[in-house]
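Q: What shape does this take:
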Amino acid sequence: MSDTPTIRPDMKAFLDALAAMDGPAIADMTLEEARESYLALHTMADRPARELAVIRDLSCPGPAGQIPLRLYDPRESRGPSPIIAFYHGGGFVIGDLETHHALCTELAALMDLPLVAVDYRRAPEAPFPAAIEDCEAATRWIASSPAELGREATGIITIGDSAGGNATIVVGQQLAANPADIPVVLQVPIFPLASDAFGSGSLEEFADGFVLSKAAVEFFDAAYAPDRNDPKAMPILGDHSTAPPTVLITAGLDPIRDSGRDYAKALADAGRSFTFLEIAGITHSFTNLRGAVPSAQVELERIVGAMKLALGTA
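A: Numbers count the residues shown, from 1 in each chain. Okay, the predicted model is just below:
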């Protein structure tokens, strides 16, 4: 156990407010309660969604039926451009299009690019590797469906938070092994689970009181039931030599922080082009806490700045 970590003031105020609510832990909730609680947290703590020229629900074929998607674009129409594929967080168990709606509007607006959010199948109804299969199928569809989207992709930017960060890395590895028509020009895993978090120092240091708890990580793991020997579950085991340009984000107070650090080392060892930002004094899920934690908005804008820089040199 290290010394007490530094917590930025607005983050501490939010953590204190959560503690004062004294609600049940996610591991003590029913599945439906956990999903409702996650949406309620983001509704309470995030900034309002931006108004965009285009916000449209659609779907694409997947391995188990249609995959719901949502298209965001600050422009009514545009010429060929990169398209962002977004995979939401929530441990592959509790997130959906609504929990990350505000964040998706913000990313589309700040990047001035179309974004397609993927509503993949969730565990425990559909355990590993269902979510990954849906994310890959949706990404391939986004790359090859200009008529349906009304937008022609010149490249794909994959991005996601937490479980979605895991999917971001895995989809990149899958598309490198079996390339799509349009390449991944940038991947942005945000506080991802890249290696097994169990046994890591950060999981013990930030086990409780930092938004994501060790008990919640165990709850998600039991529901998702990943194969720890499969790179589609633990992408640290995959081939990093073909990783696309990367903007990798970790949070300093995150139980799964060390997993993201492991991936940074893997990219460095493979000689890949990447930017690594560890955001100090802030917790897991900060990208969805931008209303309650104003400095998180500043950090999201830093991430977008790094994305634009990487795209300019990709």
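
Q: Tell me where the stretch 151-300 of the chain is predicted with low confidence.
A: Scanning the stretch 151-300 of the chain with the threshold set as pLDDT under 70 gives no residue ranges.

Q: quick one: the strands in it?
A: 153-161, 184-190, 246-251, 274-279 (DSSP state E, counting those that start in this stretch).

Q: name the helices or strands packed onto the third one?
A: If I follow you right, that is strand 246-251. Strand 246-251 sits against strand 184-190, helix 257-269, strand 274-279, helix 294-313, with contacts defined as 3 or more Cβ pairs under 8 Å, 6 or more residues apart in numbering; DSSP states H and E. The C-beta positions use only the backbone N, C-alpha and C, and glycine is treated the same way.

Q: Make CSV from the strands of the stretch 151-300 of the chain and add mean neighbour count and distance to His240 to it.
A: CSV is the format used below for these (neighbours: other Cβ atoms under 10 Å; distance: least, Cβ to Cβ, whole Å):
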stretch, mean neighbour count, distance to His240
strand 153-161, 24, 15
strand 184-190, 26, 12
strand 246-251, 26, 10
strand 274-279, 19, 10
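
Q: Among the helices and strands packed on strand 246-251, show me which one is buried the most.
A: Sort the helices and strands packed on strand 246-251 by mean neighbour count, taking mean count of other Cβ atoms under 10 Å, and strand 184-190 sits at the top with a mean of 26.

Q: can you list the strands of the stretch 151-300 of the chain in JSON lines and add distance to Gly291?
A: Formatted as JSON lines, the strands of the stretch 151-300 of the chain follow (distance: least, Cβ to Cβ, whole Å):
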{"stretch": "strand 153-161", "distance to Gly291": "16"}
{"stretch": "strand 184-190", "distance to Gly291": "18"}
{"stretch": "strand 246-251", "distance to Gly291": "17"}
{"stretch": "strand 274-279", "distance to Gly291": "17"}
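
Q: closest to Ala20 out of those?
A: strand 246-251 (22.1 Å; Cβ to Cβ).

Q: tell me the secondary structure for Thr139?
A: What DSSP: H, G, I helix; E, B strand; the rest coil gives for Thr139 is helix.

Q: quick one, helices of this protein?
A: 9-21, 31-45, 101-111, 130-143, 146-149, 163-177, 201-205, 214-224, 257-269, 294-313 (DSSP state H).

Q: Output these as JSON lines; include the columns distance to Ala251.
A: Shown next, in JSON lines, are the helices of the chain (distance: least, Cβ to Cβ, whole Å):
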{"stretch": "helix 9-21", "distance to Ala251": "10"}
{"stretch": "helix 31-45", "distance to Ala251": "15"}
{"stretch": "helix 101-111", "distance to Ala251": "15"}
{"stretch": "helix 130-143", "distance to Ala251": "22"}
{"stretch": "helix 146-149", "distance to Ala251": "32"}
{"stretch": "helix 163-177", "distance to Ala251": "11"}
{"stretch": "helix 201-205", "distance to Ala251": "10"}
{"stretch": "helix 214-224", "distance to Ala251": "14"}
{"stretch": "helix 257-269", "distance to Ala251": "6"}
{"stretch": "helix 294-313", "distance to Ala251": "9"}
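
Q: Determine which of the ones you listed approaches Leu52 most closely.
A: Using Cβ to Cβ as the measure, helix 101-111 is the one of those that comes nearest Leu52, at 5.7 Å.

Q: which secondary structure elements does that closest one contact?
A: Helix 101-111 packs on strand 65-73, strand 81-87, strand 115-118, strand 153-161, helix 294-313, going by 3+ Cβ pairs under 8 Å, 6+ apart.

Q: Which one, of these, ends up nearest to Gln187?
A: Across these, closest to Gln187 is strand 153-161 (Cβ to Cβ), at 4.7 Å.

Q: Mind listing the strands that closest one pairs with, and their directions?
A: Strand 153-161 has its sheet partners listed here by DSSP bridges as strand 81-87 (parallel), strand 184-190 (parallel).
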